[in-house]
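[1] after the sequence you'll find the predicted model.
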Amino acid sequence: MATTTSSSPSSPPLHTFKVLKRTLWNRIFALIFTSAILSLILHHFLCLLHSKNTTTFLLHLTLLISDLILSFMWATTQSFRWRPIRRAVYPKNLMQVTRVWDLPKLDAFICTADPYKEPPIGVVNTALSVMAYNYPSDRISVYVSDDGGSELTLFAFMEAAKFATHWLPFCREYKIEDRCPAAYFSSSHCSSSIDAEELKMMYETMKMKVEGVVDRGCVGDEHIKTDKQREAFSRWEDEFTRQDHPTVIQVLLENGQDKDITGVDMPNLVYVSRQKSKASHHHFKAGALNVLVRVSAAMTNAPLILTLDCDMYSNDPNTLVQMLCFMLDSKMSNYGYVQFPQRFHEINKNDIYGGENKRLFQINPIGMDGLAGTNYVGTGTFFRRRAFFGGPWSYVSAEKPELNPDHIADKSIQSESVLEMAQSVASCEYENGTKWGSKMGFRYGSLVEDYFTGYQLNCEGWDSVFYHPDRAAFWGDIPINLDDVLSQNKRWCVGLLEVAFSKYSPIIFGTQSRGILMGLAYSHFAFWGIWSIPITIYAFIPQLTLLNGVSPFPKVSDPWFLLYVFLFLGSYIQDCLDFMLMGTTFQRWWNDQRMWLIRGVSSYLFGSIDFFLKSLGISAFGFVITSKVIDDEQSKHYEQGVFEFGVASPLFVPLTTAAIINFIAFSVGVTRLILGHSKLEEIFIQLILSGFGIVNCWPVYEAILLRNDKGKMPLKITILSCLLAFSLYSLSHCLAS
Ligand SMILES: O=c1ccn([C@@H]2O[C@H](COP(=O)(O)OP(=O)(O)O[C@H]3O[C@H](CO)[C@@H](O)[C@H](O)[C@H]3O)[C@@H](O)[C@H]2O)c(=O)[nH]1
Ligand SMILES: [Mn+2]
């Protein structure tokens, strides 16, 4: 086990890492598995050569294609298994390399885009948790980007600014660990002291006010107390719509001017709603973040930037200090960002929707961290501002000197010149003819701006760190109904394909820039969508051939049969071990693999189709925001671990069709065995595959047949799927005869 420190020999280490023990086994297994895959491909070629007619030829070709894709995806995962590492930090040693007054400033960016899907009180909680970091408050600025352009959100933040002047000193005095008020007041360690009770009342009052305003849909006159507020809200006139409105920048707290109730300086808190116009593309979240990069440059220009989604609150006041253990290490100046894992607090016991995304957010990152660095996942990330201006050795200068990372911002953030500058850089037209989105800032051109930006930074030469502390640094929300989960995955899949088939495709560009392993790692994500091909094929072809009495697979007595067993069990067991070694239960792993299969015939399938339609210019896609609103009945089902279908989503159709076909194929197969019409050794693989399909589709059968609640499968979907299943069977029957 190698332990390496990255600090200079004279001073104590700020951080260390070790390569995980499984590395050696992973490499040996990779070698064995590669030979098995090559043999399988050989087997497929032999079958192709010996096929008697066009139908069997096509059948074997289909299986060959699907196994080639599975093999490619397997090969890409080897990059994550090549050299996984785990890191540790030593914040106690930090004061040996810096002094308190030298601690760098931080600009925290929080994005929100819709007050009805992302309740403002949640956004406020996220902001408060960051403002209350264990850090000198004059070094923190929080910028809120409101793409919803909503007075409701601005109102919520005006209330939050007042509440913060009580909350921050309270956290300091009582050394509160949960600095997100909602989390603290609902936790078991919430104190019952008079101070705490009083603050809780204050919080509840604020929450009621904010929710009341959201329910009403506007800020009533009774809430507008000062001239400054009146002026702020007067901008929401009749012509002001979400898609078309001028920039609104409102400084809610200014460091050096605003004090908390004990007289200590407050951090800066700034509300920004960039200009929107139907005539210009706003590039979704990446566009919003670039506006914040510029607005914050004009105001505070901190060397460090934190990006957070509105539903990801800070759970550990010491995260900043942990991050500094990397960023203040002089040997790590070519590290562009530190990524903390996305973790979610309200996952049900067995994580039925695989919401933890363990592979995406925890397993793969430790693998990439051992190479050149992990990918950026959109939230919980600390950047060097400099990383947005070209590679570590190739600086790209901004079009205005005031926006460059070395510019010193020392004026009051409410001074006229600063506000004027901030206004101008937040306008729609500002980016025209500049390098923003291509060579500077967050990158445009993909619906997964996070993946694309991290990838580009890595390619430019920036390395990155993945740090996974025991106490979660951030807690976020996950979607709790199947349609939301699948739609979110579909958006990711489309965004990833946009990169896969661009001139920056990781398989070529990534490999050239950062080597084959990083190229493969980034390709693994980029090509998610093509998983739909083998998964869909295996969900239908073995079953349809079984129904037609054809068997494209080796018999049990055939030596090639053992190859199938080895490949199936080998990949499944290794996947399961990866999960279990990261501290997951078997049940959670099982549900994760089920969701992988479900996504294969829904999100990935529809995502790929959408992507190709758009490439042909037939359709367009946008960023559908994931709802963070909790429906009581849905959350009851979720807690019980029951799948929520409910809506007649097209995403459910192929899934339900697969469920029906697998069930019929298995039943027919077993019946034929009992009647002695088929031999077990001939149809064994097909029976196992359809049986596996049935076990995985169990929630679908329940939703069709056994349930009567709102979350059951809509009748429309069931009927449509039956028709589709019947058509598929008829088609296969024609081909077979
Ligand atoms: O036009 C937009 C669209 C979205 N957002 C914000 O982007 C964030 C992520 O949106 P969400 O609907 O929660 O998407 P998720 O799929 O849950 O987010 C994941 O995937 C996104 C890329 O698709 C990343 O940006 C996120 O960081 C990552 O958590 C939210 O804070 C939104 O308010 C904007 O600011 N402007
Ligand atoms: Mn989200």
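    It's in. Ligands and ions are numbered 1, 2, ... in the order given.
[2] so what touches stretch 659-667?
    With C-beta atoms under 8 Å, 6 or more residues apart in numbering as the test, stretch 659-667 has contacts from 539-540, 542-544, 546-547, 686-687, 690-691, 693-694, 697, 700-701, 704, 721-722, 725, 728-729. (C-beta placed from N, C-alpha, C; glycine too.)
[3] just the buried members of the residues you listed?
    Buried members of these, counted by 16 or more other C-beta atoms under 10 Å: 539-540, 542-544, 546-547, 686-687, 690, 693-694, 697, 700, 704, 721, 725, 728-729.
[4] mind checking which of those land in strands?
    Among the buried ones among the contacts of stretch 659-667, no member is found in strands (DSSP state E).
[5] check those residues against ligand 1, which are close?
    With C-beta under 6 Å from any ligand atom as the criterion, the buried ones among the contacts of stretch 659-667 include none near ligand 1.
[6] roughly how far apart are Ser721 and ligand 1?
    27 Å (C-beta to the nearest ligand atom, to the nearest Å).
[7] OK, contacts around that residue?
    652-653, 656-657, 659-660.
[8] which of those residues sits closest to ligand 1?
    Phe652 (19.7 Å; C-beta to the nearest ligand atom).
[9] gap between that closest one and Arg172?
    As judged by C-beta to C-beta, to the nearest Å, Phe652 and Arg172 stand 50 Å apart.
[10] likewise for Pro115?
    31 Å.
[11] what does this protein put close to ligand 1?
    Near ligand 1, when you scan the chain using C-beta under 6 Å from any ligand atom, you find 111-113, 118, 145, 147, 284-285, 288, 309-310, 378-379, 447-450, 488, 491-492, 495, 623, 625-626.
[12] so which of the buried ones among the contacts of stretch 659-667 belong to helices?
    Among the buried ones among the contacts of stretch 659-667, DSSP state H puts 539-540, 542-544, 546-547, 686-687, 690, 693-694, 700, 721, 725, 728-729 in helices.
[13] hang on, the earlier thing: Phe652 and Arg172: who's more crowded?
    Phe652 (28 against 17; other C-beta atoms under 10 Å).
[14] now do the contacts for that one.
    Shown in contact with Phe652 (C-beta under 8 Å, 6+ apart): 482-483, 602, 645, 713, 717, 721.
[15] nearest to Gln362, out of those: which one, please.
    If you rank the contacts of Phe652 by distance to Gln362 using C-beta to C-beta, Leu482 comes first, at 22.6 Å.
[16] got the phi/psi numbers for the closest one?
    phi -60, psi -40 (degrees, to the nearest 10).
[17] list the residues that contact the residue nearest to Ser333 when sequence neighbours are not counted.
    Leaving aside its chain neighbours, Ser333 sits nearest to Pro392 (7.0 Å; criterion: C-beta to C-beta, 6 or more residues apart in numbering). Taking C-beta under 8 Å, 6+ apart, we find Pro392 in contact with 333-334, 336, 460-462.
[18] which one of these is nearest Arg471?
    Gly336 (24.9 Å).
[19] give the contact list for that closest one.
    Applying C-beta under 8 Å, 6+ apart, the residues near Gly336 are 373, 383-384, 387, 392, 457-458, 462-464.
[20] now with 10 Å, please.
    Neighbour list for Gly336: 373, 376, 381-384, 386-388, 391-392, 453-454, 457-458, 460-465 [criterion: C-beta atoms under 10 Å, 6 or more residues apart in numbering].
[21] same question for Trp25.
    Trp25 neighbours (C-beta under 10 Å, 6+ apart): 81, 574, 577.
[22] most surrounded residue in those residues?
    Arg81 (21 neighbours).
[23] what is the neighbour count of the nearest residue to that residue once chain neighbours are set aside?
    The shortest distance from Arg81 to any non-neighbouring residue, by C-beta to C-beta, 6+ apart, is to Asn26 (4.0 Å). Neighbour count of Asn26, defined by other C-beta under 10 Å: 20.
[24] wait, is Asn26 part of a helix?
    Yes: counting by DSSP: H, G, I helix; E, B strand; the rest coil, Asn26 is part of a helix.
[25] who's in contact with the closest residue to Asp311 other than its chain neighbours?
    Once flanking residues are discounted, Asp311 sits nearest to Asp477: 4.2 Å by C-beta to C-beta, 6+ apart. Asp477 is in contact with 118, 122, 309-313, 344-346, 355, 626-630, counting by C-beta under 10 Å, 6+ apart.
[26] okay, who's weakest in the residues you listed by pLDDT?
    Note: of the contacts of Asp477, the lowest pLDDT belongs to Ile630, at 84.
[27] what about it, neighbour count?
    12.
[28] now swap in Arg216 and tell me
    10.
[29] over to the one 10 residues further on?
    The number of residues packed near Thr226 is 9, by other C-beta under 10 Å.
[30] pLDDT score assigned to it?
    So, for Thr226, pLDDT stands at 92.
[31] all helices in the stretch 151-300 of the chain, in order from the N-terminus.
    151-174, 181-185, 194-216, 227-233, 284-299 (DSSP state H, counting those that start in this stretch).
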